[in-house]
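Visitor: Have a look at this prediction, sequence included:
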Amino acid sequence: MSKAENKTTVTPVDPAEFIAAVDHPTRRADALVLDGLFRRVTGFQPRMWGPTIIGYGQYHYTYDSGREGDFLATGFSPRKANLSIYILPGYADFGSILDRLGKHRIGKSCLYVNKLADIDLTVLEELVRAGLDDLGKRWPVRPS
């Protein structure tokens, strides 16, 4: 029985070229700010994961089911509808930080922000750091 492969993997696309090609000027400017923020907080260089996610760091996971793989430690995607910010493995324990962030919505491992002007970037930095610290307690995080 073969295990399912993770569809989101590192690609050779240059993240700077990807950001430069973002159509919407505000989304592109926000992506440049996020790139700087993630580089500062993580200390990692960005890599493209799949066609649209810019990731910083990675980890190798093994679930109780036996499924294992590699995935980005944290990152973002400047999507048309919003900025998607990824904190792995999720946002469950970060309510006190999210309460101070500003206007956002959350999914399981994804934070949705319309534009960076809607949130406090200092709080976002705190959230990214807390997410990396939490992930590091579960699986070792390394550069991607």
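Guide: Cool, got the structure. Numbers count the residues shown, from 1 in each chain.
Visitor: residues contacting the closest residue to Thr42 other than its chain neighbours?
Guide: The shortest distance from Thr42 to any non-neighbouring residue, by C-beta to C-beta, 6 or more residues apart in numbering, is to Tyr56 (4.3 Å). (Glycine included, C-beta is placed from N, CA and C.) By C-beta atoms under 8 Å, 6 or more residues apart in numbering, the residues touching Tyr56 are Phe38, Arg39, Thr42, Phe44, Gln45, Pro46, Arg47, Leu72, Ala73, Thr74, Gly75, Ser144.
Visitor: 7 Å - rerun?
Guide: Phe38, Thr42, Phe44, Pro46, Ala73, Thr74, Gly75 (C-beta atoms under 7 Å, 6 or more residues apart in numbering).
Visitor: does it count as helix, strand or coil?
Guide: strand (DSSP: H, G, I helix; E, B strand; the rest coil).
Visitor: In three-state terms, label the closest residue to Gly55 other than its chain neighbours for me.
Guide: Computed as C-beta to C-beta, 6+ apart, the closest residue to Gly55 that is not its neighbour in sequence is Leu72, at 2.9 Å. Put simply, Leu72 is strand when judged by three-state DSSP.
Visitor: In terms of pLDDT, where does Leu72 sit?
Guide: On the pLDDT scale, Leu72 is placed at 94.
Visitor: could you pull out the strands for the protein?
Guide: With DSSP state E as the criterion, the chain has strands at 10-11, 46-49, 53-62, 68-78, 83-87, 105-106, 110-113, 141-142.
Visitor: where does this protein have low pLDDT?
Guide: Along the chain, the parts satisfying pLDDT under 70 run over 1-5.
Visitor: now with 90?
Guide: Scanning the chain with the threshold set as pLDDT under 90 gives 1-8, 61-69, 87-93, 107-109, 138, 144.
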